[in-house]
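S.K.: Got a predicted structure here, sequence first:
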Amino acid sequence: MEPYTLQTILEDAQGRHQRITCVEAWEENLYVGTSDGQIIHYVEDPGVSTDKVMPSYLVASQQTVISGKPITSMLLLPQISRAVILCNTTLSFHVLPELTPATETRIKGVNGVCLDLNANTNDTSSVTLTVLTRKLLRVIRLSQEDVQLVHDVDYPNALVAAQRGSIACVANARSYDLIDLDNLGKIPLFPVVQGDDLASSPGAATLLAQMTGTTVVKPMVVGIGADEFLVTSASPEGMGPAIGLLVNLDGEVTRGTLMWDEYPIDITFEDPHVVALFKDGSLQVHSINTQELVQTVKAPQLDNATSVRHIAGGYKILSQALADKLAQVRYVQPEDELDEKLSARIWEEIEAVRRISLTTTSLFITTQTSISTLLSAPLFLHVNALLDQKRIEEALVMAEDAIFNMRPEDMNPERLYHEMTFVHQKAAFLYIEETLFEHALALLEKGSVDPRLVGALWPEFGVEKGSVWVYQGVRSVVEDLGTIDDIIRAHMGKEEENNERLKQTLRFNAREMLRKYLQKFREKKGFGSVGSGDEARKAFAMVDRVLLHLLLELDPNVQQDRVALYDFVDSGVDDLDEAVSLLQQGKKYYALSRLYQSRKMVAQVLETWRKMLEGEWADDEFKDGERRLKEYLINQVRNGELWWEYAMWLVKRNPELGVQVLLAPDPKKKFVVEVDVVIEKLRRESRAGLKVYLEHLMFEQGVKNPVYQNDLVALYAEDILTRLENEDIRTQVEYSVSQFRAASRPKPSFIGFLQETVSSIGDQDYKKFVQTRLKLLDFLQADVHYEAQDFFESVQQRESLLPAELVILYGKFGRHVDALRLLCHDLKDFQGAEIYCLHGGLSMSELKRPVRGAEAAKVRRELFTMLLSELLALENRDEQMTQTSDLLEKYCAYFDVADVLRKVPDSWAVDMLAGFLTKSLRRLVQEKREVQMMKSLSRGENHKINALLMRVQTDEKPVIEKLSDEGEENGVDEEDDELR
């Protein structure tokens, strides 16, 4: 991985008829020294708001140091707001940032100046410098107030130096030496040119080289780390390979040797790299740790480069390489003039990419006309390079490791977010290109890719992606993909292009990726991370439309697929009309109703359900529809007109469920449901519904309205009579009656027989008839008001089919003899006859408790006497004797012994009446004993009262009370006063 990227800062930075001689920078300030003694101060132009990411620069100030003389070097000291400038061998001092003169003090005959690289840069009081003059090394102290000489060191003709604390590595034209500036010690090092005789003077060597025409080699020294120096040494005569030697503060060689094919014209150091500039404008970067060449930089803008320099404080600059990748641009730029909204978005994105692309650089390369920089390539660019090489997994691992190992102080959250989002998005589309759709899905989610970019891979969906904002570095990848079919064809190659099975598999996997991603993205609706406004609405509308297409393609027989469709419509859609159209085309009417429910479109929900229930729209997924409709009407419908319309429709279709709607209390309703109004509507529209409604009113709510009671009886009777017109039902009724007659003892009452057998009836029509009949029988026997005469004649005409109903009506009219005769002789319902008598002819229900009281007992005796007569009149002698004997024994208390003996035929044996006689005699004996006991108890009570009275009269004196004047009026005689 190459550690640096080259970027041009300024082109044609020099003024007219001048060239660049040196450069310095500090934060956002860039200072350029020129050949005519000018220093030009550049800053970023804050007023430019074009569509260009990279900024332009303007001249903030321009100072002339010595007119016509080149600026040799500049040294910025921001901690004391000073700049030291060397021009025409004269050192001058200036104020930052405008570079106005700070003092009139000058130092002449200067070859260079160096700063202690170990000095405390936070010390704002003063800075100590070492000035290299022709005769001496002069140590000075510079502050905001003045310039003071500290001391001189004897070392003539010093050209370059680097300093660490009190130790300076100094070079003249011939050699390098370590100088202890405090203790004035010296350690000789190496010759500048290998094999040079250091015995001769530096000045003589320089003069000799000039006279012979050989190359004069410039010595170079840079500080390395905290306690090392790097010096260069050329081959003899300055030709051929050159080396770089590293020495410590004791003058010892510490590391391996750096090797160059030729002697560089300039070098500098940025940990951990040594950067060397050569005559052809190329740069070589070596690792100081391994001494290996790690990068070579060649570019047209570096032709005729003159220097490479490391700036101590660093310079803030936008990284062109980062901006080119991370700038978000519109996928298709509009051809028309930009409107205000789009212009604002463009500028917003420019500001964003400028924030995240802002970095600090320290390495500057100058030519005579331009300034460039070597930017430390962030790990992001290395990851992107791996992606470009399709080494996707390596790139992802590198990115994740970088985040894991990143120190908090190095973390820029906004930049890190965009870098990782870019990596995930680009990797996702590269995986799609490789048809690794499952891998792509995970990264699409991590990268929050605009779903329109993915959906546009399927032309059949007609997805517009022109207005999508996308990273510039991702757009180029998407543009190269083509359609999903193009991707699959390219992946399969010619050998497999006819493999239809593989094609179908890849297409299916691709659509599954799309469906799953759209579902996942859809969950973000309303989140700030996916934006808002028109673009977000367009994106989610596209998601809804395409996702619905994909969900309708799923297998409806798979539970998971059905649930996915229902979850989608339940959550609502943005483009309702499109969704409705697609669901209707796919005949997914139940899902359509759920979509309407999600939008609270009550009328459309009800209409859709009605069409499905009526069969106009068939959808097997709509199960238990009538119950669903009932619950919806009860809990959701607040519109009175709709409620009435569909409640009555449901009543006509399913009276039980419809009536539950009519009866359901709901305080949220904005309309009143009055019972009389309901009944009137039901009378007109649904007699069956009216019957169910009245049943609920009377049996569940206990309403005792005589009109309603009569209506219900009439409805029951009407229903029964109507059903009896059905020949099948009539036949089954006749069979049940004959079956009951023929049943052997013991057998229940006829009503009990119906209750026991109704559950086992298979014919649903007949079963419903019996259930209704039992309801009618219960109601006829209940303590309710109804006009029996209204349907008595109809029942009487069907005596053979409706005997139990006729018996009850006979009882209502007091025609007990007719009722008992029908029970005993026709129906053979002896049990029912006994119950009839017990209830005074008002009921045949075994569950009902008989009425108590003397009057009720009297009625029972009369009825049992009638029943006895009917039993004795039975034609079958065995039946006559058995039923009579059982009756007398069970209900002997209601019979007079003498009367029974008179009525019973003389031919009967005494044994037939043994049970009755035994119980009767016991009852008579018991009654006699009870009478005797009551007399004894009364006699004892009288004796007790008399004794108590005598005691009172003995112990108490008489009390005399005078009558008031009202005595006579009250009928009291005064003469009777003393008798009181």
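M.R.: Done, it's in. Everything quoted here is computed from the prediction, not taken from an experiment.

S.K.: what stretches of the stretch 51-200 of the chain score poorly on pLDDT?
M.R.: When residues are selected by pLDDT under 70, those of the stretch 51-200 of the chain lie in 51, 197-200.

S.K.: Kindly recompute the last result at 80.
M.R.: 51-55, 195-200 (pLDDT under 80).

S.K.: For it, which segments count as strands?
M.R.: Residue ranges of the strands in the stretch 51-200 of the chain, as given by DSSP state E, counting those that start in this stretch, are 57-64, 71-77, 82-87, 90-95, 100-101, 107-108, 110-115, 126-133, 136-143, 147-154, 160-164, 167-171, 175-180, 185-191.

S.K.: any chance of those in CSV, plus distance to K903?
M.R.: Where C-beta positions appear, they are placed from N, C-alpha and C, glycine not excepted. Formatted as CSV, those follow (distance: least, CB to CB, whole Å):
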stretch, distance to K903
strand 57-64, 137
strand 71-77, 143
strand 82-87, 147
strand 90-95, 147
strand 100-101, 149
strand 107-108, 160
strand 110-115, 147
strand 126-133, 146
strand 136-143, 149
strand 147-154, 155
strand 160-164, 146
strand 167-171, 151
strand 175-180, 155
strand 185-191, 156
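
S.K.: Of the ones you listed, which stretch is the most buried?
M.R.: strand 167-171 (a mean of 26; mean count of other CB atoms under 10 Å).

S.K.: Please compute how far it lies from its chain's middle.
M.R.: Chain-centre distance of strand 167-171: 67 Å, with CA atoms, centre = their mean, to the nearest Å.

S.K.: So for Q732, which of the strands of the stretch 51-200 of the chain sits nearest?
M.R.: strand 57-64 (106.3 Å; CB to CB).

S.K.: hey, C-alpha coordinates of that closest one in CSV?
M.R.: C-alpha atoms of strand 57-64 as CSV (Å, rounded to 0.1, in the frame of the first residue of the first chain):
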residue,chain,number,x,y,z
TYR,A,57,-7.3,30.7,-3.0
LEU,A,58,-6.8,34.4,-2.8
VAL,A,59,-3.9,36.6,-1.8
ALA,A,60,-4.4,37.9,1.8
SER,A,61,-1.2,39.9,1.8
GLN,A,62,2.1,40.5,0.0
GLN,A,63,5.3,41.7,1.5
THR,A,64,8.6,42.6,-0.1
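
S.K.: Tell me the strands beside it, with direction?
M.R.: Partners of strand 57-64 in the sheet, by DSSP bridges, are strand 38-44 (antiparallel).

S.K.: So what touches the strand it pairs with?
M.R.: Residues outside strand 38-44 that contact it (CB atoms under 8 Å, 6 or more residues apart in numbering): 10, 13, 15, 18, 28-34, 55-65, 71, 74, 85, 97-99.

S.K.: so how far is that strand off the chain centroid?
M.R.: That offset, for strand 38-44, works out to 54 Å (CA atoms, centre = their mean).

S.K.: Could you do stretch 66-80 as well?
M.R.: For stretch 66-80, the distance to the chain centre is 62 Å (CA atoms, centre = their mean).

S.K.: Fine by me, thanks again.
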